[in-house]
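*Asks:* here's my sequence, what's the structure:
(chains A and B)
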Protein chains: 2
Amino acid sequence: MEEIYIFGHKNPDTDSILSALVLEAIEKTMGIYKAKAYRLGEVNKETQYALDYFGVKAPELLEEVKAGQPVMLVDHNSFDQSVKGIEKAKVIRVIDHHKIANFETHEPLFYLGMPVGCTATILEEMSKVSGIKIDRITAGLMLSCIISDTLLLKSPTCTERDKIAAKKLAKIAGVDMDAYGLDLLKAGTDLSDLTPEQLINIDSKPFTINGVKYQVAQINTVSIEDVLKDKEAMEEAMKNFMQENKVDLFVLMITDILESNSQIIVLGKQEIAEKAFAIKLENNTAFLPGVVSRKKQIIPNIDGVL
Amino acid sequence: MEEIYIFGHKNPDTDSILSALVLEAIEKTMGIYKAKAYRLGEVNKETQYALDYFGVKAPELLEEVKAGQPVMLVDHNSFDQSVKGIEKAKVIRVIDHHKIANFETHEPLFYLGMPVGCTATILEEMSKVSGIKIDRITAGLMLSCIISDTLLLKSPTCTERDKIAAKKLAKIAGVDMDAYGLDLLKAGTDLSDLTPEQLINIDSKPFTINGVKYQVAQINTVSIEDVLKDKEAMEEAMKNFMQENKVDLFVLMITDILESNSQIIVLGKQEIAEKAFAIKLENNTAFLPGVVSRKKQIIPNIDGVL
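*Replies:* Next up is the predicted model:
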């Protein structure tokens, strides 16, 4: 049987890498497909912390897929955010919690999308429905995804389902959710050895609407002030990225995971962001109190203006 | 609470109308949303037979939705095939068994797509998973959808899941599947009082790929010869339709539901169809032995050429 590739989005976050591993485990138990998890980019420190904690090896890097390759997408559907060659691959499964855009198939497929905070929450639901028992390590990986995507259940993207799943998974994984969660999130805020280019690419996603290409990147931190020390260098990296990728607007969120606020740095068509968030940028930047979610608090506002 | 509209595709077939009614019943039992079924076009004779048999009223006609209207789509996702205004509606749920194309949302949603023969089969799965008991009438409507979409389980689109669901539903509905199924399908082949315009619109769907717009319509019959008596008048209606809707290629399938073959009439860019099916059209028409499924045996071939 041909091997099926499972992967999350480019510039992978914890949910994109670990949910691919979790789906690999679920597929193995179901026994219909021979499917293997891959990643589309570097493993960030938060994800590495979870992998180390539960003693799991990171999936291999996938750079391109050939025409006709059967694939399963987790944590994304947009081809903009997927692997090189995806347009000609054969998408047989999508498990995702994002809006659907820039995605199409030539054949019917299994698509399960749910408006929840994390892909792993959908996988937990799938396992339950399919009668699959989740082991300690898989539960730990799933819990890490939920903690990461919902900032320890505090993000406005977090739903009741995410909370219920997280509690159940913490029990199976045998960890104290709050203590483990804070350690996990903090591991992701160690930015000390990253170049400005790496900083703006830790968790960066492209979007296209009505012909306008925009990019929204997010950096988690426990001190916005600390990250802002690199403001000029990051702006330089953002400018280069915009030129290379023909991006009209770049919004960089620097998110305080303890206080649940974000500072944004905006380059390009700044008037769109000013209108979207009803702000006036000063020196390319503004403080957005209570804003932590790209999906719920950034994208819909920009799409609304566009 | 705002009323949510449920509907299938334009030029509705049995699955599109009855699955909307079934989802309305499921939503009522779940009690989260207040949702009502609508239809986007005339009820065909096959669908009317099922409605009469189980004593159910057809849903009301819906011509347009306003911006922001929350909707649930069954049996389609493509905006080409949906209600006027769909681009600005708020799609909160899709239950479908087709490829995904010309579809996008601004927010995450519940999307359940499965590669099975019929939307009602997915609804049966959903009910099972949600612990919802299906009553006699709802089972009858669901069974009618499966019989219609799979031509009594004989179409190549029919999967094991459809067969299992159909058997189970026939039992709950208290009907003999083969006897009822043949009556249902035959009811749909009474074309006696239809104009050529109505004939080519009984079950007609638009597709767009790489800028090429094409239309594939299907007429079920127990005698291809009988339908071909109207060939010239239907070709005239097809030409008018193509002009009005700027369609590049029109394929009309006349499907013998007893023998499982189709005669096609092709207008417009005929060379695409000739290449897609490795045929030579004579007088705009050709016989395709064993071909009964638009989804499995027509669309992928045309998409392949384009």
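
*Asks:* domain-wise, how is chain A divided?
*Replies:* Each domain of chain A is listed here as a residue range: A:4-186, A:196-305, per automatic domain parsing.

*Asks:* what about stretch A:239-251, how long is it end to end?
*Replies:* End-to-end span of stretch A:239-251 (CA to CA, to the nearest Å): 11 Å.

*Asks:* how far away from the center of its chain is it?
*Replies:* Its chain's C-alpha centre and that of stretch A:239-251 lie 20 Å apart, by CA atoms, centre = their mean, to the nearest Å.

*Asks:* and that stretch, average pLDDT?
*Replies:* Summarised as a single mean, pLDDT over stretch A:239-251 is 96.

*Asks:* one step back: could you dump the domains of chain A to a markdown table with distance to residue B:91?
*Replies:* For the C-beta atoms, the positions are set from N, CA and C on the backbone; glycine is no exception. Shown next, in a markdown table, are those (distance: least, CB to CB, whole Å):
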| stretch | distance to residue B:91 |
| --- | --- |
| domain A:4-186 | 9 |
| domain A:196-305 | 14 |
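
*Asks:* out of the ones you listed, indicate the one that is most buried.
*Replies:* domain A:4-186 (a mean of 20; mean count of other CB atoms under 10 Å in any protein chain shown).

*Asks:* between the domains of chain A, which one is closest to residue B:10.
*Replies:* domain A:4-186 (19.2 Å; CB to CB).

*Asks:* kindly check the end-to-end length of that closest one for me.
*Replies:* Taking CA to CA, domain A:4-186 runs 34 Å from one end to the other.

*Asks:* and it, anywhere near chain B?
*Replies:* Yes: Domain A:4-186 reaches chain B (CB under 8 Å from any CB of the partner chain) through A:92, A:97-116, A:129.

*Asks:* where in chain A is pLDDT low?
*Replies:* A:1 (pLDDT under 70).

*Asks:* quick one, helices of it?
*Replies:* All helices of chain A, identified by DSSP state H, fall at A:14-30, A:45-54, A:119-129, A:136-150, A:160-173, A:177-187, A:196-201, A:224-228, A:231-245, A:270-277, A:294-297, A:299-305.

*Asks:* format those as TSV; extra columns: distance to residue B:16.
*Replies:* Below are the helices of chain A laid out as TSV (distance: least, CB to CB, whole Å):
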stretch	distance to residue B:16
helix A:14-30	31
helix A:45-54	44
helix A:119-129	26
helix A:136-150	36
helix A:160-173	30
helix A:177-187	45
helix A:196-201	45
helix A:224-228	52
helix A:231-245	41
helix A:270-277	38
helix A:294-297	32
helix A:299-305	29
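
*Asks:* wait, residue A:216 sits on residue A:262?
*Replies:* No: with contacts defined as CB atoms under 8 Å, residue A:216 does not count as touching residue A:262, sitting 11.0 Å away.

*Asks:* residue A:260 and residue A:290 touch, don't they?
*Replies:* Yes: taking CB under 8 Å as the contact criterion, residue A:260 and residue A:290 are neighbours in contact, 6.4 Å apart.

*Asks:* now for residue A:216 and residue A:262: what residues contact both?
*Replies:* Common neighbours of residue A:216 and residue A:262, using CB atoms under 8 Å, 6 or more residues apart in numbering or on different chains, are residue A:253.

*Asks:* residues contacting residue A:56?
*Replies:* Here residue A:56 is in contact with A:21, A:137, A:141 (CB under 8 Å, 6+ apart).

*Asks:* now do 10 Å
*Replies:* A:18, A:21, A:50, A:137, A:138, A:140, A:141 (CB atoms under 10 Å, 6 or more residues apart in numbering or on different chains).

*Asks:* residue of the stretch 151-300 of chain A closest to chain B, please.
*Replies:* Sorted by distance to chain B under CB to the nearest CB, the residues of the stretch 151-300 of chain A start with residue A:300, at 6.3 Å.

*Asks:* sorry, wrong one. I was asking about the stretch 201-306 of chain A.
*Replies:* Nearest residue of the stretch 201-306 of chain A to chain B, counting by CB to the nearest CB: residue A:303, 5.3 Å away.

*Asks:* returning to that earlier point: shared neighbours, residue A:260 and residue A:290?
*Replies:* By CB under 10 Å, 6+ apart, the residues touching both residue A:260 and residue A:290 are residue A:156.

*Asks:* may I ask you to name the longest strand in chain A?
*Replies:* strand A:212-221 (DSSP state E).

*Asks:* is that one anywhere near chain B?
*Replies:* No: Strand A:212-221 lies out of reach of chain B by CB under 10 Å from any CB of the partner chain, never closer than 14.0 Å.

*Asks:* wait, residue A:255 touches residue A:264, no?
*Replies:* Yes: if you go by CB atoms under 10 Å, residue A:255 and residue A:264 touch, sitting 9.5 Å apart.

*Asks:* what do these two both touch?
*Replies:* A:218, A:288, A:291.

*Asks:* for the first one, list each beta-bridge partner.
*Replies:* Note on residue A:218: beta-bridge partners residue A:253, judged by DSSP bridges.

*Asks:* residue contacts, it?
*Replies:* A:11, A:13, A:200, A:202-205, A:251-255, A:262, A:264, A:292-294, A:298.

*Asks:* next, the angle from the longest strand of chain A to helix A:136-150.
*Replies:* 110 degrees (axes from the mean of the first three to the mean of the last three CA atoms, to 10 degrees).

*Asks:* centre of the chain to strand A:212-221, how far?
*Replies:* Mean-position distance between strand A:212-221 and its chain equals 11 Å (CA atoms, centre = their mean).

*Asks:* cool, stretch A:270-286 as well?
*Replies:* Centre to centre, stretch against its chain (CA atoms, centre = their mean), the figure for stretch A:270-286 is 24 Å.

*Asks:* ok, residues contacting that stretch?
*Replies:* For stretch A:270-286, contacts defined as CB under 10 Å, 6+ apart pick out A:212, A:214, A:228, A:231-232, A:235, A:238, A:248-252, A:254, A:262-267, A:269, A:287-288, A:291, A:297-306.

*Asks:* the same query, at a cut-off of 6 Å, please.
*Replies:* A:249, A:251, A:264, A:265, A:266, A:301, A:302, A:305 (CB atoms under 6 Å, 6 or more residues apart in numbering or on different chains).

*Asks:* export that stretch as PDB, just CAs?
*Replies:* The C-alpha trace of stretch A:270-286 is given here as PDB (Å, rounded to 0.1, in the frame of the first residue of the first chain):
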ATOM      1  CA  GLN A 270      -0.800  50.200   7.300                       C
ATOM      2  CA  GLU A 271      -4.200  52.000   6.700                       C
ATOM      3  CA  ILE A 272      -5.800  48.500   6.500                       C
ATOM      4  CA  ALA A 273      -4.600  47.600  10.000                       C
ATOM      5  CA  GLU A 274      -5.500  51.000  11.400                       C
ATOM      6  CA  LYS A 275      -9.000  50.600  10.100                       C
ATOM      7  CA  ALA A 276      -9.300  46.900  11.100                       C
ATOM      8  CA  PHE A 277      -8.300  47.600  14.800                       C
ATOM      9  CA  ALA A 278      -9.500  51.200  15.100                       C
ATOM     10  CA  ILE A 279      -6.000  52.300  16.100                       C
ATOM     11  CA  LYS A 280      -3.400  54.900  15.100                       C
ATOM     12  CA  LEU A 281       0.000  53.300  14.600                       C
ATOM     13  CA  GLU A 282       2.900  55.200  16.100                       C
ATOM     14  CA  ASN A 283       6.300  54.300  14.800                       C
ATOM     15  CA  ASN A 284       4.700  51.300  13.000                       C
ATOM     16  CA  THR A 285       3.400  49.900  16.300                       C
ATOM     17  CA  ALA A 286       0.400  49.800  18.600                       C
END
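
*Asks:* now the nearest residue to residue A:4 once chain neighbours are set aside: how far from residue A:12?
*Replies:* Spatially, and ignoring its direct neighbours in sequence, residue A:4 is nearest to residue A:35 (4.1 Å; CB to CB, 6 or more residues apart in numbering or on different chains). Residue A:35 is 17 Å from residue A:12, where distance means CB to CB, to the nearest Å.
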